[in-house]
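Novice: I would like to see how this sequence folds:
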Amino acid sequence: MILTRDQCTGADLSAMFFLHLIPVDVNDLPGHRKQYGFDNLDFTFRDHRLIEGGVCVARRELPDYDIAAIRTGQYTGEGQVWKGGFDLAGSTDDGQAAP
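Specialist: Numbering: from 1, shown residues only. Predicted coordinates for the structure are as follows:
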């Protein structure tokens with residue numbers, strides 16, 4: 001997954017990213033994540049960054065299982081900065097496979 005922002009600021013770089021993946025099959029999750037129903041791949045920009053000509057790019061490898069939905073955004077100690085989500089074809093809003 002690649003996230004980009006033109007002309008990023010220090011605030012863009014310091015906020016933590018949340019990346020929650022809801023699998024098509026909860027059994028694909030690591031053992032400790034099954035109880036939550038999603039994989040938590042939160043990360044900092046510093047760990048997954050690239051800056052080219054003022055454009056910030058955060059790149060995060062995704063696991064090798066079918067994904068029903070992605071929830072992502074950034075947050076600080078003061079709360080969420082932004083959030084977004086993607087429901088992939090064949091899934092409902094809660095990430096469960098559609099009948």
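
Novice: Ramachandran coordinates for the residue nearest the centre of the chain?
Specialist: Residue closest to the average C-alpha location in the chain (Cα atoms, centre = their mean): Leu19, at 2.2 Å. When read as degrees, to the nearest 10, the backbone of Leu19 gives phi -140, psi 110.

Novice: What's the separation between the nearest residue to it once chain neighbours are set aside and Pro30?
Specialist: Counting by Cβ to Cβ, 6 or more residues apart in numbering, Leu19 lies nearest to Leu41, which is 4.3 Å off, once chain neighbours are set aside. C-betas here are computed from N, CA, C, even on glycine. Separation of Leu41 from Pro30 (Cβ to Cβ, to the nearest Å) stands at 11 Å.

Novice: more neighbours, these two?
Specialist: In this comparison of Leu41 against Pro30, neighbours counted by other Cβ atoms under 10 Å, the higher total goes to Leu41 at 17 against 8.

Novice: how about the more buried one, what does it touch?
Specialist: Taking Cβ atoms under 8 Å, 6 or more residues apart in numbering as the definition of contact, the neighbours of Leu41 are Leu19, His20, Leu21, Arg60, Leu62, Pro63.
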